[in-house]
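>>> everything below, folded, please.
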Amino acid sequence: MDIVNQGLARRYRAEKRFRLYGIVAIILSMIFLVFLFISISANGYTAFQQTFVRLDIHLDPEILDAGSLADANYQGLVKQSLADMFPEVTTRREKRQLYGMVSNGAAYQLQDYVRKNQNKIGSVIQIWVPADDDVDMVIKGHIQRDVPEAERRVKDNQLSWIDEFREQGRLEKRFNTTFFTAGDSREPELAGIKGAVTGSFYTLIVTLLLSFPIGVAAAVYLEEFAPKNRWTDIIEVNINNLAAVPSIVYGLLGLAVFLNFFGLPRSVPLVGGLVLTLMTLPTIIIASRAALKSVPPSIREAALGVGASRTQMVMHHVLPLALPGMLTGTIIGMAQALGETAPLLMIGMVAFIVDIPGGFTDPSTVLPVQIFLWADSPERAFLEKTSAAIMVLLAFLVTMNALAVFLRKKFERRW
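Reported below is the predicted structural model:
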């Protein structure tokens, strides 16, 4: 009896150690996850604010001819406003530094204002325009003033002009709506994620419309109708293997089949959705088959016992009960597709796209590829843009996974 008690105590201690190891693993995972979120948020939260400069611009009627407003020299009006504020700036080098205090997009913003307010031509207006990205970095504290002038992009005279702007109340930080309403740009202060988000939306629509019905149909056939023989075993093994294939292989397949063989256009959501469909199908098939297996055999036997055909049994009884699990697997597959970059690089969705895509065949990029492009840019301002875009992508992924958990908890049945 003592030997049995000693063995029992040893097994209890082993069980406690095993539970402790599991708890430690979960805690370490949570620590790494929190560290990741904090690191990204610390670099990216400032991108949701943008520095603006207030300019007093004389809308000279000699320059702004009502008949040719589209061809007027708006950039010259912006430069003249800056020159009037600092008349002591006379050399060409200093003027170039002064004019670089505001974004190149200020001229386009002024053009939009004049087109909507033509009655203001001839008067002096006050307009807030985005500051240059280097000025924005100074205001946000990302460029240190105590660094020697030769080692920073903002020169000493520009720092003095920034101080004068601040003393005159001409600097203001506002919520960066451009980040959510604009496409990509070479100028960090004008770059946004709307084009990438729209491209991701169109790509996922194509992926969902193709992968869900095909995946569910394949799972239903393999689980309910396919004969159990060598061929179905080979198909099942290959589906499981395809789920572990690196995603870039699907990109190479899409490049060879959809672009080279079928001649579809490059860098469009249609091709991106087709490639991601190939990548997502194994995940959806496996999840759907698991959901079908979870339905008790008694449901099938009862339906067949009252005279239902095998098709009626599947469509009217088994499939509705398995649908919540299928939806969960589909959402997880869509979340995986949303975060993919490598296969889309192979089909040309890494291009620099400024315009917002308006359809499935318009050139576009997706959010992970946009992050990849910004991360490769040398400007300091693109670092915060990259982190902010990662925060948006993580928010989408967390939302999709939370939705999958919610649907599973809400509709699952305990047998």
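>>> quick check: pLDDT value at Ile193.
The model reports Ile193 with a pLDDT of 94.
>>> pretty sure it contacts Phe180?
Yes. Here Ile193 lies in contact with Phe180, judged by C-beta atoms under 8 Å, at a distance of 6.6 Å. Any C-beta I mention is one placed from the backbone N, CA and C, and that applies to glycine too.
>>> neighbour count winner among these two?
The residue with more neighbours, out of Ile193 and Phe180, is Ile193; 23 against 14, by other C-beta atoms under 10 Å.
>>> which helix or which strand is home to the closest residue to the more buried one other than its chain neighbours?
The shortest distance from Ile193 to any non-neighbouring residue, by C-beta to C-beta, 6 or more residues apart in numbering, is to Ala389 (5.5 Å). If you go by DSSP states H and E, Ala389 is part of helix 381-411.
>>> now swap in Leu55 and tell me
Going by DSSP H and E, Leu55 is part of strand 49-58.
>>> name the residues that touch that strand?
Taking contacts as C-beta atoms under 8 Å, 6 or more residues apart in numbering, the residues outside strand 49-58 that touch it are 77-78, 80-82, 84-85, 101-102, 106, 110, 123-131, 135-136, 139-140, 165, 169-176, 178-179, 189.
>>> can I get the buried part of the residues you listed as one PyMOL selection?
The PyMOL command for the buried members of those (criterion: 16 or more other C-beta atoms under 10 Å) is given here:
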select buried, resi 77+78+80+81+82+85+101+102+106+110+125+127+129+130+131+135+136+139+140+165+170+171+176+178+179+189
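>>> which ones among the contacts of strand 49-58 map onto strands?
Val124, Ile125, Gln126, Ile127, Trp128, Val129, Pro130, Leu171, Glu172, Lys173, Arg174, Phe175 (DSSP state E).
>>> and the furthest pair within those residues?
The span of the ones in strands among the contacts of strand 49-58, defined through C-beta to C-beta, is set by Val124 and Phe175 at 27.3 Å.
>>> dump the ones in strands among the contacts of strand 49-58 into JSON lines; add distance to Asn241 as well.
Listed next are the ones in strands among the contacts of strand 49-58 as JSON lines, based on distance: C-beta to C-beta, whole Å:
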{"residue": "Val124", "distance to Asn241": "71"}
{"residue": "Ile125", "distance to Asn241": "66"}
{"residue": "Gln126", "distance to Asn241": "65"}
{"residue": "Ile127", "distance to Asn241": "61"}
{"residue": "Trp128", "distance to Asn241": "58"}
{"residue": "Val129", "distance to Asn241": "56"}
{"residue": "Pro130", "distance to Asn241": "51"}
{"residue": "Leu171", "distance to Asn241": "59"}
{"residue": "Glu172", "distance to Asn241": "57"}
{"residue": "Lys173", "distance to Asn241": "53"}
{"residue": "Arg174", "distance to Asn241": "52"}
{"residue": "Phe175", "distance to Asn241": "48"}
